[in-house]
Structures are given as structure tokens and as C-alpha cells.
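# got a sequence here, can you build the structure:
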Amino acid sequence: MDKKKIAIIAVVSFVVLIVGVFGFGVIQRMKTVEQANALVSMEKYKDGIAMYEKLLSKNYDKAVADRRDRAIELMESKANYEKALEFCEKEDYKKAIACFLKVSKNDKKRYSETSEQMNAIEEQIIAQIKDEFEYGDDVYAMDMLNDYLKAVPNSTAAKNLKDDLRFAKEEEKAKQEQEFAEAERQAAEEEKASEASYTAYNVSGTYQTIIAKNANLRVAPKLDAAVITTVPQGSECYVYETKIETAERIWCQVEYMDDYGEYYVGWVSYNTMNYKY
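Here you go, the predicted model:
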């Protein structure tokens, strides 16, 4: 065999050897990736991540790096889900929500369960907030609601509840203001009534002077009663008795003698003696 043929055979053999070694390496790498994938699917994340890292240390491959990152994401998602459940058992819903919110959408096994858990927590928190508001602790109720909205800012139920509580609070405030105004009005009326009663008591059995320009002496203690005569300003009358019509009007039954010495007995408003016009 000549030297040329020997050289060709040697080159071909070397190429075959290189291809074989490379092919073997590729096959081994593929098997390792498959094994890592299997570990991740079984949720043995640490082992799977370690295998991805080992492959990447020898030769960077974006596909492998992406799988490693996804495995890390799922591992953290599982850890957060489990922590959230622990916080739920302790009824520490604020921390539970914070952990549930870290559960990845790619974690298909837990993400739907997380939504159910979050809905259950939301229903419980909203019910508690409503109870606190109804019990009268509206400040604490609003603080609870604001804390929840900080954790879950997109909660439609919480936003609607906040609007409802604000409206209810404004209504309650308006009602209290109205009640306060009514109480003040009633107090003022009671004070006037008390003053009228005091005046009526003290006027009875005394002499009073007409200070209005003219005072109508009537047959009865009411404005539509017939007029007996008109009592001029400066006339002195003796008050037999009094009758309170309203806080603003006290009637006095008086005896009046005119300039001709004629006596009259009738009813005249105390306003004509305590002139306010």
C-alpha cells in the first residue's frame, strides 16, 4: 500500500473518531437534559437545577439556561405557595396574600389553587371589614380595607366596598349633622318654652304697662277672638292669669280701666307689654 492511501485512511479514521466523540458528547448532553427535565417535572427542582448548571458550566446553551431559569421560578413558586398555606393556618392573611401573589402563572399545578385561596381570603376579609364598619369602628374598617388594597390593588370587590363605605360614612355624617341640628333646635325651643313658662308665672298677679302703640283686648286668648276694646300705650293693667299659646306668645287676662272710669276684662298679648316690634 502506497503512502498516499495510508494517509487518506488515517485522515478518514481521525474524522470518524472526532465525529464519534462529538456525537457521543451530544447524546450524553441530551440525556442529561432529559434527566434534568424529568427531575423538574417530579418537582425535584434542586437536583434538576444542579444538572442544568453543570451542563452550562461546560458549555453555555440558551435553551438549557432557559430551562434552568424556569426550574428556579417553579421552585420559588412552590416555596411561596407552601408558605402561604402555613400563614393561612395561622390566620395571618396579610402575609399569606403576599406569598400567594408570588406564585408563578407558569406554575400550573398551584396557580389555579392560588386563585381559589385568594378568593376565599378576600371573602373573609371583606366580611370582617363589613362587620367592623357595622359595629361602628369605621376607622379600623377603612384601615383594614386600605391595607388589603395595598396588597391586592386590582381587587374589584375591595374597590367597590371602599366606595360603598365612603358613601355610607358620608350618609352617616349627614345624618349626625341633621340630628345635631334638630337637637339644637329642640333645645332652643325647650329653652324658649322654659323662659315663657317662667315669664307667665312671674307676670301673673302683677300690674303691667302697655308699651305697644295700641293693644287689642280680646274676649279669648287667641288672635281671631273678637276685640272688646283697644288699650292705648301707657295704660296700666292688672294681670289675673296667663296662658301660654306658644313660646313666642303669652296671653294675659287683664283688668283695664279707661279714661272714663269704665272697667274692662279681657285677654291681651304679653308682647304688647314686652314690646318686640
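# tell me which other helices or strands the helix or strand hosting Ser77 touches.
Using DSSP states H and E, Ser77 sits in helix 62-89. Packed against helix 62-89, as judged by 3 or more CB pairs under 8 Å, 6 or more residues apart in numbering; DSSP states H and E, are the following elements: helix 3-41, helix 45-58, helix 93-100, helix 108-134. Every residue, glycine included, has its C-beta placed from N, CA and C.
# which of the ones you listed is buried the deepest?
Compared across the helices and strands packed on helix 62-89, helix 93-100 shows the largest average neighbour count, a mean of 19 (mean count of other CB atoms under 10 Å).
# what helices or strands is that helix leaning on?
In terms of contacts (3+ CB pairs under 8 Å, 6+ apart), helix 93-100 is packed against helix 62-89, helix 108-134, helix 138-151.
# re earlier: mind putting the helices and strands packed on helix 62-89 in a markdown table, mean pLDDT and distance to Glu248 included?
Below are the helices and strands packed on helix 62-89 laid out as a markdown table (pLDDT from 0 to 100; distance: least, CB to CB, whole Å):
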| stretch | mean pLDDT | distance to Glu248 |
| --- | --- | --- |
| helix 3-41 | 64 | 91 |
| helix 45-58 | 90 | 88 |
| helix 93-100 | 89 | 61 |
| helix 108-134 | 90 | 43 |
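# rebuild those helices as TSV, extending it with distance to Asp69.
As requested, the helices and strands packed on helix 62-89 are exported to TSV (distance: least, CB to CB, whole Å):
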stretch	distance to Asp69
helix 3-41	11
helix 45-58	9
helix 93-100	21
helix 108-134	17
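# right, and those - which one's nearest Glu170?
Evaluated with CB to CB, these place helix 108-134 nearest to Glu170, the distance being 13.2 Å.
# which neighbouring elements make contact with the closest one?
Judged by 3+ CB pairs under 8 Å, 6+ apart, the packing partners of helix 108-134 are helix 62-89, helix 93-100, helix 138-151, helix 156-203.
# go through the protein and flag its longest strand.
strand 236-246 (DSSP state E).
# which parts of that strand are buried?
Neighbour counts over strand 236-246 (16 or more other CB atoms under 10 Å) mark Cys237, Val239, Thr242, Lys243, Ile244 as buried.
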